[in-house]
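Novice: A structural model of the following input is requested.
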Amino acid sequence: MDLKKHRSIAIDGPSGAGKSTLARRLARELEFRYVDTGAIYRTMALAALRAGVDPSDGAAVADLLPGLRISLDYGGDGLQRMYLNGEDVTEAIRRNEVSAGASKAAAIPAVRAFLLDTQRNLAEEHDVIMDGRDIGTVVLPDADVKIFLTASPEARAERRWRELLERGQSADRAQILKEVIERDARDSGRASAPLKQAEDAVLADTTDLDFEGSFRLLLDIIRERLGGKAE
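Specialist: Okay, here's the model as predicted:
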């Protein structure tokens, strides 16, 4: 008899593929809880930067872990808010330098181990849609639905550039493309939980799709995999 109480959807993929935006919309549609794991690692990167530590320095970052309290909460609007030692850092972690540091911190085995239980506990307590780099392979290997969401580096850089402009931040499109390519190599090549498609994940390439087209594609995949139970 299946004793599993909650359903889980894992969406993995490279930086800028639209995982967070799509997962958030899907969670509202399906009445699941959205877990932005990237925000969790950005919070870790912010902690390192504030301490004057390079997020890629494994030993120095590991030394910070005993003194950190990283938590998340969902208010009445259902949106995930991140807290670092009790401070709401939801907006602070969205700056470009923090995002760049997140993938560096995420490559540190001690950091991944430190945050693993936080992610798994959420899936045990709620129906969740969780996005990241290794959700279907490491964090939730038994997820009910696994999707590997991707798009060309050029398309992802363009989306990131537009996102930063909309937030009023200065951005250089060529530099963002360079960072996207570098991050792909770093995420795929790291020794600890590298970015890769789970064997049982559905590949969804949204290079030529707009947001609505991407949303419908993922929603159809999820409903098919859940056998209509997500209606």
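Novice: which residues of this structure fall in strands?
Specialist: Here the chain has its strands, by DSSP state E, at 8-12, 33-36, 70-74, 80-84, 87-88, 128-132, 145-150, 202-205.
Novice: Would you mind listing the buried residues in the last one?
Specialist: Burial within strand 202-205, assessed by neighbour count using 16 or more other C-beta atoms under 10 Å, is assigned to 202, 204-205. C-betas here are computed from N, CA, C, even on glycine.
Novice: what do you get for the fourth one?
Specialist: Residues of strand 80-84 classed as buried under the neighbour-count rule (16+ other C-beta under 10 Å) are 80, 82, 84.
Novice: Give me the number of neighbouring residues for the residue lying closest to Ala51 once chain neighbours are set aside.
Specialist: In space, and not counting its chain neighbours, Ala51 is closest to Leu64: 5.8 Å by C-beta to C-beta, 6 or more residues apart in numbering. Leu64: 19 surrounding residues under other C-beta atoms under 10 Å.
Novice: going forward can the numbers begin at 595, since that is how I track them
Specialist: Yes, from this point I'll number from 595; that puts the last item at Leu658.
Novice: Hmm, Leu658 is touching Val647, no?
Specialist: Yes - using C-beta atoms under 8 Å, Leu658 is in contact with Val647, at 6.5 Å.
Novice: Redo the buried residues of strand 796-799 as TSV? Include distance to Arg663 and pLDDT.
Specialist: Output for the buried residues of strand 796-799, formatted as TSV (distance: C-beta to C-beta, whole Å; pLDDT from 0 to 100):
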residue	distance to Arg663	pLDDT
Val796	36	97
Ala798	35	97
Asp799	39	96
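Novice: sorry, back to before: adding distance to Glu818 and pLDDT, write the buried residues of strand 674-678 out as CSV.
Specialist: Below are those laid out as CSV (distance: C-beta to C-beta, whole Å; pLDDT from 0 to 100):
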residue, distance to Glu818, pLDDT
Gln674, 27, 88
Met676, 32, 94
Leu678, 39, 96
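Novice: Closest one to Gly726 out of these, please.
Specialist: Among those, Gln674 lies closest to Gly726 (C-beta to C-beta), at 13.1 Å.
Novice: which residues pair with that closest one across the strands?
Specialist: Taking DSSP bridges, one obtains Tyr668 as the residues bridged to Gln674.
Novice: give the contact list for it.
Specialist: Contacts for Gln674 (C-beta atoms under 8 Å, 6 or more residues apart in numbering) come out as 628-630, 633, 666-668, 684.
Novice: Dump those residues to a markdown table, plus pLDDT.
Specialist: Below are the contacts of Gln674 laid out as a markdown table (pLDDT from 0 to 100):
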| residue | pLDDT |
| --- | --- |
| Tyr628 | 92 |
| Val629 | 91 |
| Asp630 | 88 |
| Ala633 | 90 |
| Leu666 | 88 |
| Asp667 | 87 |
| Tyr668 | 84 |
| Thr684 | 94 |
